[in-house]
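In: predicted structure and sequence below. I'll ask about it afterward.
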Amino acid sequence: MSSRRQKVATGTPDIAAGQVALLHAQFPHCFTEGKVDFDKLRAALGDNVDSRPERYSFSWAGKSDAIRVLQMPTRSTLVPCPDESVNFDTTGNLFIEGDNLEVLKLLGKSYFGNVKMIYIDPPYNTGNDFVYKDNYADPLDTYLKLTGQKDSDGNLLTSNPETGGRYHSAWLSMMYPRLFLARQLLREDGVIFISIDDHEVHNLRLILDEVFGGDNFEGHIHWRRRHNQPNDKTKMIALVAEHILAYSKNKDLYKQSGVGKVDLTGSFANPDNDPRGDWASKPWKVGSGQSGTRYKITSPTGRVLEEEWMGDRQTFDALVKDNRIVWPKKGDGLPRKKYFRHERAQEGQCATNWWPHDEFGNNQEANHEMTSLFGAKNLFDNPKPTKLIRGLIQISNVRKDEIILDFFAGSCTTAHAVLGLNKEDGDNRRFICVQLPEPMGNKEFPTIAEIGKERIRRVIRKLGRQKDQGMQNELLSAASATSADSLGFKVFKLAQSNLRPWTGVETNDPEAYAKQMELHIDPLVDKWQAIDVIWEVAIKEGYGLNATITEVKGVKGAKVYLVTDEEKGQSFRICLDATLSAGVVKALELKKDDLFICRDIALDDELAANMALQCRLKTI
């Protein structure tokens, strides 16, 4: 067999091996016979190594198991569901139904370093919420039990009562591997936001410091989740706030890429019909504790004012000439300097606190949004308002074609906010939403995933109607037209691999071993579907879920497909027929750099050897 003939990967890349490879690239002299020599590594790092027996660290019961869960490659796959999607062939938006740990691993190779912003609203671990119970031996097995694809004795979700001995530890073990994988998906100038309440905010800050580095902490947003004041006689302090922690992947690069701003606040008007548009004003007199320049100014009514002013006399005279000084109280007040809306919009406005509920929404408003879309109340507990996510997208400076990921998608507020903001400004931001099909006990929408998908469909229909009305009235802006034309989302679902795993033989019986070997002559599972196999191969080869699959025309005697990922500028051809002839291979006119994938059983030794010399050959 030629050394250029390889096997298609059956699992995702080994994370630990990848980290070791990075270490080897920087410290090759610290390896002995392929293993890390820690004594040499300590010597190379010198004083940067902290080997004190008592030093600051963050740990919890089960952390080592959480790391094992993280490092274990997944053998699962994602299968396309066009019937549940909208504009499957043209949209760049994604909804993935499944356990987010497995999904994040599957996305790792395809989307490594490609996500601009992540927002998540994970379970808050209040004692009534649920946490994901990961199984480091077989995470997919646990997921399959939950979704009814296997015996339902071992549910993925288990209650986490505060009386449990590992109340915080179980939650931290659930969060750690997901945050680690999330960081790998972020661009170097990317940022992550996590909503949380008082129960775990302190632990979340510590775990984020470990995963992202404390230097990359961007801020702690206090968001008022309810607009009314509680009246609870059992509490001293009414808890009306939730927390949003913000971390960048690389603080310096995030700033260099351009920090976004929230919408302008303040009242702008144009009472004097200034041709430069709406304006507001601020005092020209310096405030308390400030220093300025003292000189005399005469008001339009003849008053002589001697104060400390914001700028020197020459600057003031220039502002008067430019119609930038206004006089309140019919000319008898203190002078004020105009500033125009368009100028402030260019400068932007930093986010401070997120207390004003009218600007960033609240839970009541979020419930109203759901009721308006579905025509039913209390369909989903504690959704987030779109205004909140919209504000986070703005300060992240997410622009055209950039990706926003939410892997605790819930009712899909993030998708709603992305579609709405695209409609406003014409950008084509893309979302990836991941949601576990957690049972809801609702006949119409039996799982949270079903609610999320239906919400996206209804938002698309609503925005589509707005587009149609705008076209009829000839009032549709170019920006709105751009975003409306790209409405849609693709649905994929987590599933077992199409490639049969090697399970080994428990006995030394030669017949049992031979039988197991016979099953792996062709590793494809029974009743496999070509499109599912092609997508699995594409994902594990690092192709994104917006790749296109087309049948190659003009090839007689075989079905060959071309898989193209235009964003990465890569493609491969694949044939899943049980036999492959030299004539078919010749018709494909494969070049040295072309990747061709087929079943191992389809090739005899001579054809395999020739193809391995002609192109990059991989077999299933």
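Out: Now that the structure is in, tell me what you want to look at. Everything numeric here is computed off the predicted structure, so don't read it as measured data.
In: the residue of the chain most remote from its centre: which element?
Out: Distance from the C-alpha centroid of the chain, by Cα atoms, centre = their mean, peaks at G302 (61.6 Å). Assigned by DSSP states H and E, G302 belongs to no helix or strand.
In: residues in contact with it?
Out: Under the criterion of Cβ atoms under 8 Å, 6 or more residues apart in numbering, G302 has no neighbours. Using the backbone N, CA and C atoms, a C-beta is placed for each residue, glycine as well.
In: ok, 10 Å please
Out: Counting by Cβ atoms under 10 Å, 6 or more residues apart in numbering, G302 touches G331, D332.
In: below-threshold pLDDT in the stretch 51-200 of the chain: ranges please.
Out: 51, 53-56, 125-167 (pLDDT under 70).
In: any idea how far L70 lies from E188?
Out: Going from L70 to E188 by Cβ to Cβ, to the nearest Å gives 21 Å.
In: comparing the two, which shows the higher neighbour count?
Out: Taking other Cβ atoms under 10 Å, L70 and E188 do not tie; L70 has more neighbours (20 against 13).
In: ramachandran angles for the more buried one?
Out: Phi and psi for L70, reported as degrees, to the nearest 10, are phi -60, psi -40.
In: got it, and R573?
Out: Here is the backbone geometry of R573 (degrees, to the nearest 10): phi -110, psi 150.
In: which of the residues in stretch 68-80 are buried?
Out: Buried residues in stretch 68-80, counted by 16 or more other Cβ atoms under 10 Å: V69, L70, Q71, M72, P73, T74, R75, S76, T77, L78, V79, P80.
In: what do you get for stretch 303-318?
Out: Quick answer for stretch 303-318 (16+ other Cβ under 10 Å): E307, W309, M310, F316.
In: which of those fall in helices?
Out: F316 (DSSP state H).
In: tabulate the buried residues of stretch 303-318 (JSON lines), appending distance to D89 and pLDDT.
Out: What follows is the buried residues of stretch 303-318, written out as JSON lines (distance: Cβ to Cβ, whole Å; pLDDT from 0 to 100):
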{"residue": "E307", "distance to D89": "67", "pLDDT": "92"}
{"residue": "W309", "distance to D89": "64", "pLDDT": "94"}
{"residue": "M310", "distance to D89": "58", "pLDDT": "91"}
{"residue": "F316", "distance to D89": "62", "pLDDT": "95"}
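In: follow-up on the earlier one: please report phi then psi for the residue farthest from the centre of the chain.
Out: phi 100, psi 0.
In: where does the residue lying closest to D522 once chain neighbours are set aside land in three-state SS?
Out: Leaving out its chain neighbours, the residue that sits closest to D522 by Cβ to Cβ, 6 or more residues apart in numbering is I601, at 5.0 Å. With DSSP: H, G, I helix; E, B strand; the rest coil as the basis, I601 sits in helix.
In: and I601, how many neighbours?
Out: I601, neighbours per other Cβ under 10 Å, totals 16.
In: check the gap between it and A609 for me.
Out: On the measure of Cβ to Cβ, I601 and A609 end up 16 Å apart.
In: and the closest residue to T386 other than its chain neighbours, how many neighbours does it have?
Out: Closest residue in space to T386, ignoring its immediate chain neighbours: A417 at 4.3 Å, by Cβ to Cβ, 6+ apart. Here the number of neighbours of A417 (other Cβ under 10 Å) works out to 27.
In: and the buried residues of stretch 303-318, which is closest to L545?
Out: Nearest to L545 among those is M310, at 54.4 Å by Cβ to Cβ.
In: ok, the closest one - contacts?
Out: Contacts for M310 (Cβ under 10 Å, 6+ apart) come out as 282-287, 290, 292-293, 316, 319, 335, 337.
In: mind listing what's buried along stretch 327-343?
Out: Those would be G333, L334, P335, R336, K337, K338, Y339, F340, R341, for stretch 327-343 by 16+ other Cβ under 10 Å.
In: what does that stretch contact?
Out: So stretch 327-343 is in contact with 264, 266, 268-270, 272, 274, 276-285, 297, 299-303, 305, 307, 309-311, 315-316, 319-320, 322-326, 346-347, going by Cβ under 10 Å, 6+ apart.
In: let's see 7 Å
Out: Here stretch 327-343 makes contact (Cβ atoms under 7 Å, 6 or more residues apart in numbering) with 264, 268, 276-285, 297, 299-301, 303, 305, 319, 324-326.
In: surely K251 and G213 touch.
Out: No. Checked against Cβ atoms under 7 Å, the pair K251 and G213 is beyond contact range at 8.7 Å.
In: give me the common contacts of those two.
Out: By Cβ under 7 Å, 6+ apart, no residue touches both K251 and G213.
In: from L23, how far out is the nearest residue to L41 once chain neighbours are set aside?
Out: Taking Cβ to Cβ, 6+ apart, and ignoring the residues beside it in sequence, L41 has C30 as its nearest neighbour in space, at 4.3 Å. Per Cβ to Cβ, C30 is found 8 Å from L23.
In: settle it for me: which of the two has more neighbours?
Out: Ranked by neighbour count (other Cβ under 10 Å), C30 and L23 place C30 first, with 19 against 14.
In: picking that back up, and the residue nearest to L41, what does it touch?
Out: V36, D37, K40, L41, A44.
In: buried ones among those residues?
Out: Among these, not one is classed as buried by 16+ other Cβ under 10 Å.
In: residue contacts, K296?
Out: Here K296 is in contact with V304, L305, E306 (Cβ under 7 Å, 6+ apart).
In: still on that earlier bit, now for the buried residues of stretch 303-318, which pair is the farthest apart?
Out: Across those, no pair lies farther apart than E307 and F316, at 11.5 Å, counting by Cβ to Cβ.
In: what do those two both touch?
Out: Residues touching both E307 and F316 (Cβ under 7 Å, 6+ apart): none.
In: just the ones of the buried residues of stretch 327-343 in strands?
Out: Of the positions in the buried residues of stretch 327-343, R336, K337, K338, Y339, F340 sit in strands, assigned by DSSP state E.
In: closest one of the residues you listed to S57?
Out: Y339 (50.0 Å).
In: quick one: low-confidence residue ranges for this structure.
Out: Scanning the chain for pLDDT under 70 picks out the ranges 1-5, 47, 49-51, 53-56, 125-167, 257-266, 345-358, 466-486, 502-507, 509-520.
In: quick one: the closest residue to N362 other than its chain neighbours and N367, what's the gap?
Out: In space, and not counting its chain neighbours, N362 is closest to H227: 5.0 Å by Cβ to Cβ, 6+ apart. Note on H227: its distance to N367, by Cβ to Cβ, is 12 Å.
In: the more surrounded of the two?
Out: Ranked by neighbour count (other Cβ under 10 Å), H227 and N367 place N367 first, with 18 against 14.
In: skipping adjacent residues, who's closest to that one in space?
Out: Using Cβ to Cβ, 6+ apart and skipping the chain neighbours, the partner closest in space to N367 is P383 (6.7 Å).
In: list the helices and strands the helix or strand harbouring I67 packs on?
Out: Assessed by DSSP H and E, I67 sits inside helix 63-71. Counting contacts by 3 or more Cβ pairs under 7 Å, 6 or more residues apart in numbering; DSSP states H and E, helix 63-71 is packed against helix 15-26, helix 167-185.
In: including distance to V459, could those helices go into JSON lines?
Out: As requested, these are exported to JSON lines (distance: least, Cβ to Cβ, whole Å):
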{"stretch": "helix 15-26", "distance to V459": "35"}
{"stretch": "helix 167-185", "distance to V459": "24"}
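In: figure out which of those helices is closest to G98.
Out: helix 167-185 (13.0 Å).
In: in TSV: the buried residues of stretch 68-80, plus distance to Q19.
Out: Listed next are the buried residues of stretch 68-80 as TSV, based on distance: Cβ to Cβ, whole Å:
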residue	distance to Q19
V69	16
L70	11
Q71	9
M72	14
P73	14
T74	17
R75	21
S76	22
T77	24
L78	25
V79	30
P80	32
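In: tell me which residue is most central in this structure.
Out: Central residue of the chain (Cα atoms, centre = their mean): L405, at 1.5 Å.
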